[in-house]
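**Q** one predicted model, sequence on top.
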Amino acid sequence: MKTPENASTELKTFLEDARRVANESGVLLPEPPYRFGLDHCWSCHREFLVFAWPSNGPWSTAEPPAEGRPATIAEVFGETVGYSYWSNTCPFCGERTGDYFLYFKPTGPFFSIEGDFREDTEESYTADMEAIAAWHRNPSRAEG
């Protein structure tokens, strides 16, 4: 992702962090419509990129766009929900990241997003990435 000219300082700093993690993990930063955040693997504890896309939300069965799809997005069967859905996986150890932790925990990278990524416009993309960046840089966020 190119840094937008009108990007906030928070988004510029977040993109620097994301580029560092992308280089360390070998996972490329995607282009729109993919939104991305940073998370830590519950299993190996390494920092990695996680992704969301239009029509995506927690435990979504909507297939992500094929063009530019990050290799760490996989269709998995969820024992808790009882069906297959698309999930983020760790590029280092292969473990999946639970959607609950990405979307509903106050420390999750997508917790701060309004709605469920259904709108796919340049304005909604920028607003989502600004919200993700602001949440990432907020040291006072809850440790729920």
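**A** Looks like it arrived, so ask away.

**Q** make it CA atoms for all contacts and neighbour counts henceforth
**A** OK.

**Q** correct me if wrong: Trp59 contacts Tyr85.
**A** Yes. The criterion here is CA atoms under 8 Å, and Trp59 meets it with Tyr85 at 5.6 Å.

**Q** hey, what's in contact with both of the two?
**A** Counting by CA atoms under 8 Å, 6 or more residues apart in numbering, Trp59 and Tyr85 have no contacts in common.

**Q** over to stretch 29-37 now: how far is its first residue from its last?
**A** End-to-end distance for stretch 29-37, by CA to CA, to the nearest Å: 10 Å.

**Q** show me what counts as buried in that stretch.
**A** Leu29, Pro30, Pro32, Pro33, Tyr34, Arg35, Phe36, Gly37 (16 or more other CA atoms under 10 Å).

**Q** can you check stretch 42-59 too?
**A** So, applying 16+ other CA under 10 Å, buried residues of stretch 42-59: 46-59.

**Q** same deal with stretch 96-114?
**A** By neighbour count on 16+ other CA under 10 Å, the buried set for stretch 96-114 is 96-99, 101-103, 105-113.

**Q** Glu63: which of these is nearest?
**A** Closest approach to Glu63 among the buried residues of stretch 96-114 (CA to CA): Asp99, at 15.2 Å.

**Q** follow-up on the earlier one: now the buried residues of stretch 29-37 in a markdown table, with distance to Phe14, secondary structure and pLDDT?
**A** What follows is the buried residues of stretch 29-37, written out as a markdown table (distance: CA to CA, whole Å; DSSP: H, G, I helix; E, B strand; the rest coil; pLDDT from 0 to 100):
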| residue | distance to Phe14 | secondary structure | pLDDT |
| --- | --- | --- | --- |
| Leu29 | 12 | coil | 92 |
| Pro30 | 14 | coil | 91 |
| Pro32 | 16 | coil | 86 |
| Pro33 | 18 | coil | 87 |
| Tyr34 | 16 | coil | 90 |
| Arg35 | 13 | strand | 91 |
| Phe36 | 10 | strand | 94 |
| Gly37 | 9 | strand | 94 |
